[in-house]
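In: pasted the sequence and its predicted model underneath.
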Amino acid sequence: MKTQIKSSLRAGITFGIVTLFLYLIGFTITVSQIIQNLLKLEPDSLVLGVDALTFSFALFMGGLGFWAGARQVSVSRKGLGSALVAATLSGLVHGLIVALVAYITGTLNASGIKMNTYLSQLLPASVQLFIFNQTPAVGALSQLGFLTFMGFLGGAVSYGITVSNLFGRLAGAWRSLWGRVNDVPVIAKFRASPAFNYTVCGLILLLMILLPLRVGQYWNYTLGTVGIYVLLGLGLNIVVGLAGLLNLGYVAFFAIGAYTVALLTAPAPHGLVWNFWLVLPLGILAATLVGILLVVPVLRMRGDYLAIVTLGFGEIIRILSKSDALTFLTGGPKGVNNVGGPELFGWVFDDVGYLYLIFLSVLLAIFVTRRLQNSRIGRAWESMREDETVSRAMGINVLKHKVLAFAIGAAFAGLGGVLFAARNQFTGPEDHNLMVSINVLSAVIVGGMGSVPGVIAGAFVLKGLPEILRELENYRVLAFATLLVVMMLVRPAGILPASRGKFEIQGGGSTSEPGKEGSQK
Amino acid sequence: MKAALEARGVTKQFGGLLAVNHVDLLVPESSIFSVIGPNGAGKTTFYNCITGFYTPEKGDVLFYGESLVGLQPDQITYCGIARTYQNIRLFSTMSAIENIMVGEHSRLNANWAEAILRTPRMVREEKQAVEEARRLLNFVGLAGLGDQAARNLPYGAQRRLEIARALASKPKLLLLDEPTAGMNPNETAEMVGFVHRLRDELGITILLIEHDMRMVMGVSDRIAVLDYGEKIAEGSPSEIQNNPRVIEAYLGKPMAE
C-alpha cells in the first residue's frame, strides 16, 4: 500500500511538473488552438456552454489528467478499489500543483503584472485560458476538481480495459482475421511468389509517378525536401549505421555538392553557366574527393575523437563559404543566386520534374546501399562497427573500408547538395549549418541505424512531420528532444530497425536466396 | 618435420615492463602446441606479437620461413593465421552465419563496383561463401542456429562459432586463446576432441593458450611454459608435469628451512 501511495504521488508530481512546464513555454495555448482547428470549431462558437478555445484546452488538460490516472492502474493491479484510489490520488496531486500555479499566475495577471516580461510565453491570454477564463480562485478550483476527476475516470476506464483485456482481445481478433485471410490458398500463394514483391514495388513506383502530379507545388516542395533528407540519411547511414563512424560534419559534403553546382552554373560570381547535367557528376565527384581527403587524417580515430574532428570540419567548410576573404570565390555571406537547373529536350524542370529527379536519386541510393550492404563490403563495415580490432584480425583492411564508407556517404550527400541548390536556385552558408548534420543524424538514429526503410521513415518523421504540424514550429526542438527520448525508451533500435538476412535455412523458396536479395524489397 | 611457426628471440616491452622476454619457439607443422603459464606471464602478448597487433622490439617471427614482423594484422590473416579470443569477441548483432562470412573476407575478392553491379563472378562467389559458411556451421555443430544473432547463442555455442569464424579464412595455423575458459568438465572434454578433429581432419597447426591442465595435458603434443615473459620450460606433457621450475612457477617455492 505504501509503495502504491508513493508511486501515485510521484506520478502526480511528474505530471504536474510536466503540465506546468508546457504552460510556461506557452504550449498549452498553442495545442488548444491546434485542437480547435482540428475539430473545425469556429472561434466564436460555444461548445457545452464554453467558448471553443476553452473547450479545446479542457480536452487537452483532460487528456493529461486521464493519462495520469490511467498510468496508475497498470502499476497497481490489485482490485478496483485500490486502483481507483491510486488513480484519484495521482489526479489530486496533479491537480493541486496545477491549481496552485494557476491561482498564483492568475492573481498576478489580474493585478496587472506583465509576466511575459520575464517569461516570454506567459501571455495574458495564455494565463486566462489556464484558469478557464474565470477568476483565479474559481479557475484554480476548477483545475483541481477537473484533474482529480479525470484521474479517477482514467483509472476507472483503464481498469476496465485491463480487466477485460480489451486490447489483447482486439489484437487477437485482428491476428486471427489476418491469419485467415493469409490462409486463403490464392492469397498465400501470391504472397509467397516473387510476383508479390514486384506488385508492391510497382505500386510504390506508380505512387511516386502520380503523386507529384496531384498534390500541388507546396507539397511537391516539401516532399522534395524530405527526399533530399532521405538521400542524405542513406549516405550517413552507410558511414554511421553500417561502418560505425560517427560523423558530425556530414553537412560539409552536402555544401560541397551545392556550391559546385552553384558556382559552375550561376551567372555570378564566376559567370560560368555550364550545363546542369555536366555539373551534376562534377558535384558528386568533388564531394567524394573531399570525403576521401578528410578521412585520411582521421583514419586512426575512433568514436568521440572522430565525431569532434568531423564536427569541426563541417563548421570550417561553412565558415569558409561565409568568409569575406573568399567572397570572390564563393559569393560570401549572401550566397549564390540564380543557380542553373536541369533541362531535358527543351523541358525546363518545374517542381514536378525536380521531385522526379529526387525520387530517382533516392532509388539509386537505395539500390547502391542494398547491393553494398549484402556483399563482402557491407559485412566488413558491420564487423568494423561491432569490433574494429577483431575485424582487422579477420583480414579486413579497416583503413580501406573506412575510406570507402566515407567516399560513398559523401557521394550521396554531394548528389543531395546538387539537387538542393539547383531546386532552390540558391545556396548560401546558412543552408549548410550544423543543424543539417544533426537532423540527418537524428533521422538515421530515429529510423533505425543501418536500415534503409528506417532511414526513410526517420526522414519523414523529422522533415515531413514539422511541415504538417506547422503550428508547432516554435516547439520543434522540444518535439525532437521528446521524440528522441521516447524512442530511446520505447524502441531503442529505431522505428524500423535493420532486419538481418536469412542465409542458413532455405525455406519458402522465393526470397531466401541471398544473391537475389539486394534488388528486391 | 617442417616448422609452421618459429619465434626467434621475440621481445616486447611496455615501458619498463618486459612482457615477453626473448622467447624462442618452434611449432612443427600439424602439431598441437600449447603455451601455458600463470596469469600475466605474457601469453596473450606473445599472441599479439604473432598476429601483428604488437610489433616486437627485438626478434623475429617466421611463418613457413617468411617474416611476419611489420605486417598489419589483416595482412597476417592473408598469410594463413587465424585466432580466437580469451573473452569471446563475436560481432554480436550479426547473425552466426554472417560472423563466419566475415571470417571468409580474406578469401573473397569482390570489390565495391562488382558488389553494386552484381557481376556473375561476384554472385557465384557469394553463393560459394554461403555454402562454405553453412558447411562450417555444421562442422562446429551449430547447424540450425545460423540465422540467430551471435549474442543470443549459448556460451558454448559462441565459443564454437568463434572457432568457425577463424576457420573460415582457411588458416594453416590457428591460435586459440583459452578455448575452454568458463567451460565445465564435460564441455572441456568435448573441446579436447574438437581440437584433435581440427588437426586430424583439416590438417591445421594449432597453437593453444590454456589454463585448464586437463585440456593441456590431454591435447598437446608439446608444451612451452612462460613465466614473467620468459620461457622457462618446453617439452612433452609428461616432461612438463615433472619439471621443478614449472611446479615452482605455478605453486611457488617450497618454504626455505
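Out: Noted; the coordinates are in hand. Bear in mind the structure is a predicted one, so any value in this text is a computation, not a measurement.
In: name the residues that touch stretch B:97-106?
Out: A:376, A:379-380, A:382-383, A:391, A:394-396, A:500-501, A:503-504, B:74, B:77-78, B:82, B:90-91, B:94, B:129-130, B:132-134, B:136-137, B:146-147, B:150, B:161, B:164-169 (C-beta atoms under 8 Å, 6 or more residues apart in numbering or on different chains). (C-beta placed from N, C-alpha, C; glycine too.)
In: just how off-centre is it within its chain?
Out: 16 Å (C-alpha atoms, centre = their mean, to the nearest Å).
In: equivalent analysis for stretch A:351-368, please.
Out: Computed by C-alpha atoms, centre = their mean, the chain-centroid distance of stretch A:351-368 equals 20 Å.
In: now, the contacts of stretch B:97-106 that are in helices?
Out: A:376, A:379-380, A:382-383, A:391, B:74, B:77-78, B:129-130, B:132-134, B:136-137, B:161, B:164-167 (DSSP state H).
In: quick check on these: which are buried?
Out: Buried subset of the ones in helices among the contacts of stretch B:97-106 (neighbour count, 16 or more other C-beta atoms under 10 Å in any protein chain shown): A:376, A:379-380, A:382-383, A:391, B:74, B:77, B:129-130, B:132-134, B:136-137, B:161, B:164-167.
In: quick one, phi/psi of the residue lying closest to A:Gly340 once chain neighbours are set aside?
Out: Distances taken as C-beta to C-beta, 6 or more residues apart in numbering or on different chains place A:Thr265 nearest to A:Gly340, at 3.1 Å, with adjacent residues excluded. Here is the backbone geometry of A:Thr265 (degrees, to the nearest 10): phi -120, psi -10.
In: equivalent analysis for B:Ser34, please.
Out: phi -110, psi 140.
In: what do you get for B:Leu26?
Out: According to degrees, to the nearest 10, B:Leu26 has phi -130, psi 110.
In: pairing partners for it in the sheet, please.
Out: Counting by DSSP bridges, B:Leu26 is bridged to B:Glu6.
In: residue numbers of the stretch 101-250 of chain B in contact with chain A?
Out: The stretch 101-250 of chain B comes close to chain A at residues B:101-103, B:105-106, B:108, B:110-112, B:115-118, B:122-123, B:126-127, B:129-130, B:133-134, B:137, B:144, B:146-147, B:149, B:165, B:169, as judged by C-beta under 8 Å from any C-beta of the partner chain.
In: in strands only, show me these.
Out: Counting by DSSP state E, these place none of their members in strands.
In: distance of the residue lying farthest from the centre of chain A from B:Gln13?
Out: For chain A, the largest distance from the centre (C-alpha atoms, centre = their mean) belongs to A:Ser111, which lies 43.1 Å off. Look at A:Ser111 and B:Gln13: by C-beta to C-beta, to the nearest Å, they are 79 Å apart.
In: cool, and A:Ile316?
Out: A:Ile316 sits 40 Å away from B:Gln13, going by C-beta to C-beta.
In: residue 158 sits in which helix or strand?
Out: Went with chain A since none was named. helix A:136-164 (DSSP states H and E).
In: switch to chain B, that's the one I care about
Out: Using DSSP H and E, the element containing B:Gln158 is helix B:155-167.
In: around A:Met488, how many other residues sit close by?
Out: Using other C-beta atoms under 10 Å in any protein chain shown, A:Met488 has 11 other residues around it.
In: quick check, distance from stretch A:128-143 to the centre of its chain.
Out: On the basis of C-alpha atoms, centre = their mean, stretch A:128-143 sits 36 Å off its chain's mean C-alpha point.
In: list the buried ones in it?
Out: For stretch A:128-143, using 16+ other C-beta under 10 Å, the buried residues are A:128-132, A:134, A:136, A:139-143.
In: over to stretch B:225-234?
Out: Buried residues in stretch B:225-234, counted by 16+ other C-beta under 10 Å: B:225-229, B:231-234.
In: got these as TSV, with pLDDT columns?
Out: Formatted as TSV, these follow (pLDDT from 0 to 100):
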residue	pLDDT
B:Val225	92
B:Leu226	91
B:Asp227	90
B:Tyr228	90
B:Gly229	90
B:Lys231	92
B:Ile232	91
B:Ala233	91
B:Glu234	92
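In: what is the most centrally placed residue in chain B paired to in the beta sheet?
Out: Nearest to the mean C-alpha position of chain B, counting by C-alpha atoms, centre = their mean, stands B:Leu175 at 1.6 Å. Counting by DSSP bridges, B:Leu175 is bridged to B:Arg83, B:Leu207.
In: contact partners for residue 59?
Out: All of this is about chain A. Per C-beta under 8 Å, 6+ apart, neighbours of A:Leu59: A:Ile35.
In: let's do chain B instead
Out: Counting by C-beta under 8 Å, 6+ apart, B:Gly59 touches B:7-11, B:22-23, B:69.
In: top of those by neighbour count?
Out: That'd be B:Val10 among the contacts of B:Gly59, by other C-beta under 10 Å, with 26 neighbours.
In: and that one, that's in a strand?
Out: Yes - counting by DSSP: H, G, I helix; E, B strand; the rest coil, one finds B:Val10 located in a strand.
In: over to the nearest residue to it once chain neighbours are set aside: give its phi and psi.
Out: In this structure, B:Val10 finds its nearest non-sequential neighbour in B:Gly59, 3.9 Å apart by C-beta to C-beta, 6+ apart. For B:Gly59, the backbone dihedrals are phi 90, psi -180 (criterion: degrees, to the nearest 10).
In: how far away is B:Gly59 from A:Val138?
Out: Using C-beta to C-beta, one gets 90 Å for the distance from B:Gly59 to A:Val138.
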